[in-house]
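> coords below, sequence missing:
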């Protein structure tokens, strides 16, 4: 491993945006560098929490949207 | 025993779940309403959350989400949709622009609301938790949403684009006119700020959510 990996690289890894080669290097770093691993675990937990913090709109809204789509088909036929 | 029609309906639903967004849009263009239903159900929470995090008001977020979909439906129906395979970033961008237009038109600025958790349920797997654990998680995620709303605008923008519009950092950089490293740096600060405030506001946070 010749490249130095920063926390921004770790972020790219976290979001699946590193190349295969970079990912291999970072996996090795996570096995051997305690600080790097600790930072990764914290970022990973937060990323998962942000995903889980989604809210769902009301069923009425979804029905309105689907209903508009069905109605619009008559004035925009395929 | 389930009837044949129940099996048929279930297999149709399953079939649509395996189809990618780009194909679903093409099927919808040809008049397939089931394809559109799948797109709506697949992305409704991400789109709604993205709007809510910008406007900070769930009633207004619902209005803007409806407006967003009306605009999207009209664009697709009239053959003006040309974002192959990128339905989610496209529709979140429509939502974002409508939210910004609303605040310009209305000359008011968003203030963080206290969420009405009774009406609209979180999209979380509470069923597997005890009532107490589910309540703690619910409160934690509500707090997290409020903290995201309070992030500096540039940090919030990157977080919404990455998480809820599923854009890559390269795409975010291009959309916001900054370098990839700047986009990454904003995301890093957003996550650091969230963690700092979650830890400060809730001493149980590390134990409850950082236990992986």
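Received, thanks. Model, not experiment: these values are computed from the prediction.
> next one: the residue nearest the centre of chain A from residue B:82, what distance?
Residue closest to the average C-alpha location in chain A (CA atoms, centre = their mean): residue A:15, at 5.3 Å. Distance, residue A:15 to residue B:82, using CB to CB, to the nearest Å: 26 Å. Yep, even glycine has a C-beta here, placed from its N, CA and C like the rest.
> the strand or helix carrying residue B:136 close to chain A?
Element membership for residue B:136, per DSSP states H and E: helix B:131-149. Yes - Helix B:131-149 lies within reach of chain A by CB under 8 Å from any CB of the partner chain, at B:140-141, B:144-145, B:148.
> next, count neighbours for residue B:59.
11 (other CB atoms under 10 Å in any protein chain shown).
> which SS class is the residue nearest to residue B:168 when sequence neighbours are not counted?
Spatially, and ignoring its direct neighbours in sequence, residue B:168 is nearest to residue A:17 (5.9 Å; CB to CB, 6 or more residues apart in numbering or on different chains). Following DSSP: H, G, I helix; E, B strand; the rest coil, the label given to residue A:17 is coil.
> pretty sure the residue nearest to the centre of chain A contacts residue B:171?
No - taking contacts as CB atoms under 8 Å, residue A:15 lies outside contact range of residue B:171: 11.7 Å.
> got the contact list for residue B:51?
Counting by CB atoms under 8 Å, 6 or more residues apart in numbering or on different chains, residue B:51 makes contact with B:61, B:64-65, B:68, B:95, B:99.
> which pLDDT value goes with it?
With respect to pLDDT, residue B:51 scores 94.
> so it is in which element?
Per DSSP H and E, residue B:51 falls inside helix B:33-55.
> mind listing what's buried in that helix?
By 16 or more other CB atoms under 10 Å in any protein chain shown, the buried positions in helix B:33-55 come out as B:35-40, B:42-55.
> against residue A:42, how distant is the spatially most central residue of chain B?
For chain B, the residue sitting closest to the mean C-alpha position, by CA atoms, centre = their mean, is residue B:46 at 1.9 Å. Applying CB to CB, the value for residue B:46 to residue A:42 is 24 Å.
> residue B:44 now?
Between residue B:44 and residue A:42 the computed distance is 30 Å (CB to CB).
> near chain B, which residues of chain A show up?
Residues of chain A lying near chain B by CB under 8 Å from any CB: A:7-8, A:11-12, A:15, A:17, A:41-58, A:61-62, A:64-66, A:68-70, A:72-73, A:76-78.
> so what does residue A:55 have for phi and psi?
The phi and psi values for residue A:55, taken as degrees, to the nearest 10, are phi -120, psi 150.
> so it makes contact with residue B:50?
No - the criterion here is CB under 8 Å, and residue A:55 misses it with residue B:50 at 10.3 Å.
> what residue spans form the domains of chain B?
B:15-111, B:128-212 (automatic domain parsing).
> out of the ones you listed, nearest to residue A:3?
With distances scored as CB to CB, the stretch of the domains of chain B nearest to residue A:3 is domain B:128-212 (15.2 Å).
> for the closest one, give the mean pLDDT please.
For domain B:128-212, mean pLDDT rounds to 84.
> kind regards, and thank you for your time.
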